[in-house]
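> here is a sequence together with a model predicted from it:
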Amino acid sequence: MYILIFTSTLYRGRNSSRKAKSRNRCGRHRYCLNGFKSFSVVSTIRQTGRVIMNFNKITGLVTAFIVGIFLLFPCAGGAEDVVIITNKSVSADTLKEEDVKNIFIGKMTSWNDNQKINFATLPNGDEIHRAFLKKFIKRTPEQYSRYWKKQIFTGKSKIPRSFQTEKGLLEYVASTKGAIGYVSTGQITDDIKVLTIQF
């Protein structure tokens, strides 16, 4: 009788110990599993952050590359340079940059052979006109326009001859003795002479 009771008690004790160990294992397992889940979430967030940073870097490099391409190879409208052209009756083949400026602000009125200078310009809104003023006159279209308004108001000079298109200016220079003007390189024809400018 006592032996049975002791055996039963011992069995229940061992069984309880096993259950406790099992609970401890499960508890540790659950703890480890939750920790693993937390670690996985943090790791995923970090990896996502790295991906975003790398994407931003790549985007920045691509943008810089595209901008560089546009700077190195301008669009067709801005790729052509401005050249100074004259009527074939003009004996000069070269001009100093200062002479170009003096002609187009009315300070130089005749060629070396005493032939009268007839200069022609393009309108303020024209890109070739803007490029010409920036390169040779060192003024903006607005400044150039104000200068001539002042010259006309004080009676020092007459209003410059202006054409709405390069074609119109080109035809004028080609048909007028002593004429000088400017066009883009794509407009050059055999009817006019292109001057070499000394900077």
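Happy to help now that I have it.

> measure residue 182 to residue 196 for me?
Using CB to CB, to the nearest Å, we find residue 182 at a distance of 14 Å from residue 196. For glycine as for every other residue, the C-beta is placed from the backbone atoms N, C-alpha and C.

> quick one: which of these two has more around it?
More neighbours surround residue 182 than the other of residue 182 and residue 196, with 27 against 10 (other CB atoms under 10 Å).

> which SSE is immediately downstream of the lowest-mean-pLDDT helix or strand in the chain?
Ranking every helix and strand in the chain by mean pLDDT, DSSP states H and E puts helix 76-79 at the bottom, with a mean of 42. Counting by DSSP states H and E, the next helix or strand C-terminal to helix 76-79 is strand 82-86.

> what's that following strand in contact with?
By CB atoms under 8 Å, 6 or more residues apart in numbering, the surrounding residues in contact with strand 82-86 are 92, 95, 100, 128, 131-132, 135-136, 170, 173, 179-185, 188, 192-195, 197.

> one more pass at 6 Å, please.
Here strand 82-86 makes contact (CB atoms under 6 Å, 6 or more residues apart in numbering) with 128, 131-132, 173, 180-183, 185, 192-195, 197.

> got a list of contacts for whichever helix or strand comes after it?
Per DSSP H and E, the first helix or strand lying C-terminal to strand 82-86 is strand 94-96. Contacting residues not belonging to strand 94-96 are listed as 195-198 [CB under 6 Å, 6+ apart].

> return the subset of these lying in strands.
Taking DSSP state E as the definition of strands, the contacts of strand 94-96 contribute 196-198.

> now residue 150: how far from residue 167?
Distance from residue 150 to residue 167, by CB to CB: 30 Å.

> picking up where we left off before, could you work out the most separated pair of the contacts of strand 94-96?
195 and 198 (9.8 Å; CB to CB).
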